[in-house]
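1. Have a look at this prediction, sequence included:
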Amino acid sequence: MSSLALACTCGAVRGTLRHAVPAQVNRVVCYCDDCQTFAAALGRADVLDGFGGTDIVQVYPCNLTITEGQEHVALLRLSPKGLLRFHTACCQAPLANTVPSARAPFLGLNRKLFGADADAAFGPPIGGVQAKFAHGRPPGASDTLSAGVMARTAWFLGRGALFGRHAPSPVRDAAGAPIVQARVLSREERDAARPASG
Ligand SMILES: [Zn+2]
Ligand SMILES: [Zn+2]
């Protein structure tokens, strides 16, 4: 069983990912405007790549433990029905994205939480998606979603659901509710953080 350590930018929040192997992760670079808006809202454009992409490693919640700094975990939503976007309050590092349903068998972690050893453990991203929102033309990325990324993601989520890997989750309580209250951006805040060009 191979485990990887992760930490926020300042090091106050630390965790461990178990089963850090390609078969138990789904790594995709997302260029969508919402991920760019999230980074901007945190004041952390530095977590994006040169094309505005976010390198996301989807993991099964049951594989992830937060070992230090739980009190720094915060939650942002870009709109009342938006994704749950967990981040740290200590250094505004993106932490984990997921959908509201407590049965969602994934947390999308920012690659930058991990050290240099993560690329060998996870393998490269399986693709880039939503490149229509990218700045420039990221090589090999799809404007929307590619069939290959959709199929691999469906396989990953299907196995997570089959084996009940949605829980326990380090960002939900025993009833499945987020461990912190979400702050929802106002329309004005969201518009101010939107990427300038699509
Ligand atoms: Zn921090
Ligand atoms: Zn995105």
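-> Perfect, I can see it now. Numbering: from 1, shown residues only. Ligands and ions are numbered 1, 2, ... in the order given.

2. Please make it C-alpha for all contacts and neighbour counts, starting now.
-> Fine.

3. Show residues contacting stretch 116-133.
-> The contact list for stretch 116-133 (Cα atoms under 8 Å, 6 or more residues apart in numbering) reads 4, 20-22, 25-33, 55, 137-138, 140-146, 149, 197-198.

4. mind listing which of those are in helices?
-> Among those, DSSP state H puts 33, 149 in helices.

5. Mind checking which of the contacts of stretch 116-133 are buried?
-> 4, 20-21, 25-33, 55, 138, 141-143, 149 (16 or more other Cα atoms under 10 Å).

6. Give me the distance between residue 180 and residue 74.
-> When Cα to Cα, to the nearest Å is the yardstick, residue 180 and residue 74 sit 6 Å from each other.

7. more neighbours, these two?
-> Shown here are residue 180 and residue 74; by other Cα atoms under 10 Å, residue 74 has more neighbours (23 against 16).

8. Do I have it right that that one meets residue 88?
-> Yes - assessed by Cα atoms under 8 Å, residue 74 is found in contact with residue 88 at 5.5 Å.

9. what sits against the nearest residue to residue 24 once chain neighbours are set aside?
-> Nearest non-adjacent residue to residue 24, counting by Cα to Cα, 6 or more residues apart in numbering: residue 59, 6.6 Å away. Going by Cα under 8 Å, 6+ apart, residue 59 touches 24, 25, 26, 106, 107, 108, 109.

10. now the strands for the protein?
-> Using DSSP state E, the strands assigned to the chain run over residues 4-7, 14-17, 25-30, 54-59, 64-68, 73-77, 84-88, 94-98, 107-110, 127-129, 182-184.

11. Which strand residues bridge the residue nearest to residue 24?
-> Beta-bridge partners recorded for residue 59 (DSSP bridges): residue 25, residue 107.

12. Correct me if wrong: residue 52 contacts residue 38.
-> No - Residue 52 lies out of contact with residue 38 (Cα under 8 Å); the separation is 11.4 Å.

13. can you list contacts of the helix or strand bottoming out on mean pLDDT in the chain?
-> The helix or strand of the chain with the lowest confidence, counting by mean pLDDT, DSSP states H and E, is helix 187-193 at a mean of 94. Contacts of helix 187-193 with the rest of the structure, by Cα under 8 Å, 6+ apart, involve 37, 38, 40, 41, 78, 79.

14. Turn these into a markdown table, columns for neighbour count.
-> Converted to a markdown table, the contacts of helix 187-193 look like this (neighbours: other Cα atoms under 10 Å):
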| residue | neighbour count |
| --- | --- |
| 37 | 22 |
| 38 | 23 |
| 40 | 19 |
| 41 | 20 |
| 78 | 23 |
| 79 | 14 |
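
15. Let me have those in a markdown table, adding pLDDT and distance to ligand 1 as columns.
-> Shown next, in a markdown table, are those (pLDDT from 0 to 100; distance: Cα to the ion, whole Å):
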| residue | pLDDT | distance to ligand 1 |
| --- | --- | --- |
| 37 | 97 | 20 |
| 38 | 97 | 16 |
| 40 | 97 | 17 |
| 41 | 97 | 16 |
| 78 | 97 | 21 |
| 79 | 95 | 24 |
